[in-house]
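**Student:** got a structure for you, letters missing:
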């Protein structure tokens, strides 16, 4: 039966089912086994006969090896991520496991189904802050040294990129986002727009737009994406609601 | 009638209808007027009574003003982009037009529907090259000076970001991608993986994975996205087909 096994790494999008692609839905419908962080699995409609393997949100490499082992045994395994599967999510762990794992895993039918990443969903929600060159950086120092995070923040902000900051804060990493703003205030004007977006497209969505010199680290938790504009990024006041934020297409 | 007007900027995804979100399909179904570059409009199923306004792929600001004028007159206007609407696409031009246009445009019902951007679609196609910090840079020097492009390439590659290079080449900009590789060879090891991906998810899709020291600028045209790995990005040979490419989640 091992010839029939497959592994599909699927991005579910930010939460609203209307932002999940038909390709992702088709992969979920084909699965015999679903693997992922419990709250993400809870977003997948239950189907009789499908085995769910909920995990916590760490141990990505163990989860990837488990998925590969099941696929090698002939199962159709779908590994789910929120947002896009390849942006600070499970796809990288799967290929890392293949790279360092069983030789036979290289012959498996493995594919990745992209999803609407948080950075795209948040940008759309407030206007077009990613309208020009941009970077995505994880602020987690679980897998890289904090000094490197600071170097990258300075390099990217200093060169005029808009920044999408993933994993800005958690209970175990409470101070990094505050330090990040300190670093950025040394490089960028205080007037630069900062967007805190939590649970975008979900019932408890919260979006706040402030200036960098007024950015409050307490607005970020583990479900928040933070976008920091460049010196060119503009706020446009509206009659009601948060201002639009966009970065012009041209500079100079 | 002007109270009923709306403007929705929609990302159609990379081409495969299975990668277009239900949210995008719903916006297209609500439109009275469709505005966009001809080949993108050709991807939208025709509906009786819907007015199509095809344009060429420049004059974004004129197109945005036209869309806003129609929405202000009570039409339900959908502006279509390929990929995501906010990544080197039409959303930024729409908000730039609002920022500098009629005061009444700020009261219009404007929204953005995100789509699967080329960088996510290409990354998924080859593995997980965006598994760690990354940047998106347009190589077009129509709207920014070329010196700034080079500065950003050096800053981002030097700081360890994976690079997604939009607009790598066109008939009017034939040399930029070659010069870009020269610049990057001064900063990155020659072994870094480079992905040329043209028309991903479409019938004429072409994906090539090479080393930076062997990257041939002739592989890029105006429909190509180029991904350049970091020093940490790895290729994993498969039994058949192009190698997987991924960037590990951790460094240091």
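**Tutor:** Nice, I can see it. All values reported here derive from a predicted model rather than from experimental measurement.
**Student:** Pull out the buried positions in stretch A:30-47.
**Tutor:** Neighbour counts over stretch A:30-47 (16 or more other C-beta atoms under 10 Å in any protein chain shown) mark A:31-37, A:40-41, A:43-44 as buried. C-beta here means a position set from N, CA and C on the backbone, and glycine is covered the same way.
**Student:** quick one: average confidence on it?
**Tutor:** For stretch A:30-47, mean pLDDT is 93.
**Student:** Over to stretch A:17-27?
**Tutor:** Here stretch A:17-27 scores 98 as its mean pLDDT.
**Student:** what's the answer for stretch A:112-131, then?
**Tutor:** 98.
**Student:** That stretch and chain B, are they touching?
**Tutor:** Yes. Judged by C-beta under 8 Å from any C-beta of the partner chain, stretch A:112-131 comes into contact with chain B through A:112-117, A:120-121, A:123-125, A:127-131.
**Student:** Would you agree residue A:63 is in contact with residue A:55?
**Tutor:** Yes. If you go by C-beta atoms under 8 Å, residue A:63 and residue A:55 touch, sitting 5.2 Å apart.
**Student:** which residues in the stretch 151-252 of chain A form strands?
**Tutor:** For the stretch 151-252 of chain A, the strands defined by DSSP state E, counting those that start in this stretch occupy A:162-166, A:193-198, A:206-211, A:224-228, A:234-236, A:244-246.
**Student:** Just tell me which of those strands ends up closest to residue B:215.
**Tutor:** Nearest of the strands of the stretch 151-252 of chain A to residue B:215, taken as C-beta to C-beta: strand A:162-166 at 26.7 Å.
**Student:** Within the sheet, what are the partner strands of that closest one, with directions?
**Tutor:** Strand A:162-166 sits in its sheet next to strand A:134-138 (parallel), strand A:224-228 (antiparallel), going by DSSP bridges.
**Student:** Now tell me what touches the first one from outside.
**Tutor:** Contacts made with strand A:134-138 from outside it, assessed by C-beta atoms under 8 Å, 6 or more residues apart in numbering or on different chains, are listed as A:87-88, A:119, A:144, A:149, A:152-153, A:156, A:161-167, A:247, B:130, B:132-136, B:156, B:161.
**Student:** What strand or helix carries residue A:47?
**Tutor:** Under DSSP states H and E, no helix or strand contains residue A:47.
**Student:** can you tell me how far the residue lying closest to it once chain neighbours are set aside sits from residue A:50?
**Tutor:** Using C-beta to C-beta, 6 or more residues apart in numbering or on different chains and skipping the chain neighbours, the partner closest in space to residue A:47 is residue A:29 (7.6 Å). Applying C-beta to C-beta, to the nearest Å, the value for residue A:29 to residue A:50 is 10 Å.
**Student:** With residue A:149 instead?
**Tutor:** Applying C-beta to C-beta, the value for residue A:149 to residue A:50 is 39 Å.
**Student:** Which one's more surrounded, the two?
**Tutor:** residue A:149 (21 against 16; other C-beta atoms under 10 Å in any protein chain shown).
**Student:** what angle sits between the host helix or strand of the more buried one and strand B:134-138?
**Tutor:** Element membership of residue A:149 [criterion: DSSP H and E] is helix A:146-158. Using axes from the mean of the first three to the mean of the last three C-alpha atoms, to 10 degrees, the direction of helix A:146-158 lies 10 degrees away from that of strand B:134-138.
**Student:** Give me the mean pLDDT for helix A:146-158.
**Tutor:** Average pLDDT, helix A:146-158: 98.
**Student:** Could you name the helices and strands sitting against that helix?
**Tutor:** strand A:134-138, strand A:162-166, helix A:176-185, helix B:146-158 (3 or more C-beta pairs under 8 Å, 6 or more residues apart in numbering or on different chains; DSSP states H and E).
**Student:** Cool, thanks, signing off.
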